[in-house]
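1. got a sequence here, can you build the structure:
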Amino acid sequence: MAETKLLPKIGSKVRININKVKDRLPAKLIDQISSNPRVVTTGYKMTDGRSIGITVKLQNGDENWFFPEEIERG
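-> Okay, the predicted model is just below:
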């Protein structure tokens, strides 16, 4: 379970680790993240009762969510 003290704050600039997500995302989203992995956190999402996901806004304005281990600071 993700500890809330380890989650980035809403409004933080983070990057998506493309190597950790490329097996589960559609090609269009992979291309988008590959061209610019920097995103801004917009909130949190309960995933499966055991973890908390992080919602982010991509550079094109789309929002998506990722597991904390798929996100890197800065």
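
2. quick one, helices of the protein?
-> Taking DSSP state H as the criterion, the chain contains helices spanning 18-21, 27-35.

3. now these in a markdown table, with mean neighbour count, distance to residue 70 and mean pLDDT?
-> Using the backbone N, CA and C atoms, a C-beta is placed for each residue, glycine as well. A markdown table is the format used below for the helices of the chain (neighbours: other CB atoms under 10 Å; distance: least, CB to CB, whole Å; pLDDT from 0 to 100):
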| stretch | mean neighbour count | distance to residue 70 | mean pLDDT |
| --- | --- | --- | --- |
| helix 18-21 | 13 | 4 | 95 |
| helix 27-35 | 13 | 10 | 94 |
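
4. what about the nearest residue to residue 10 once chain neighbours are set aside, neighbour count?
-> Using CB to CB, 6 or more residues apart in numbering and skipping residues adjacent in sequence, the residue nearest residue 10 is residue 41, 5.4 Å away. By the criterion of other CB atoms under 10 Å, residue 41 has 19 neighbours.

5. residue 16 too?
-> 25.

6. quick check: bridge partners of it?
-> Under DSSP bridges, the beta-bridge partners of residue 16 are residue 71.

7. and the residue nearest to the spatial centre of the chain, what are its bridge partners?
-> In the chain, the C-alpha closest to the average C-alpha coordinate belongs to residue 66, at a distance of 3.7 Å (CA atoms, centre = their mean). Per DSSP bridges, the residues bridged to residue 66 are residue 54.
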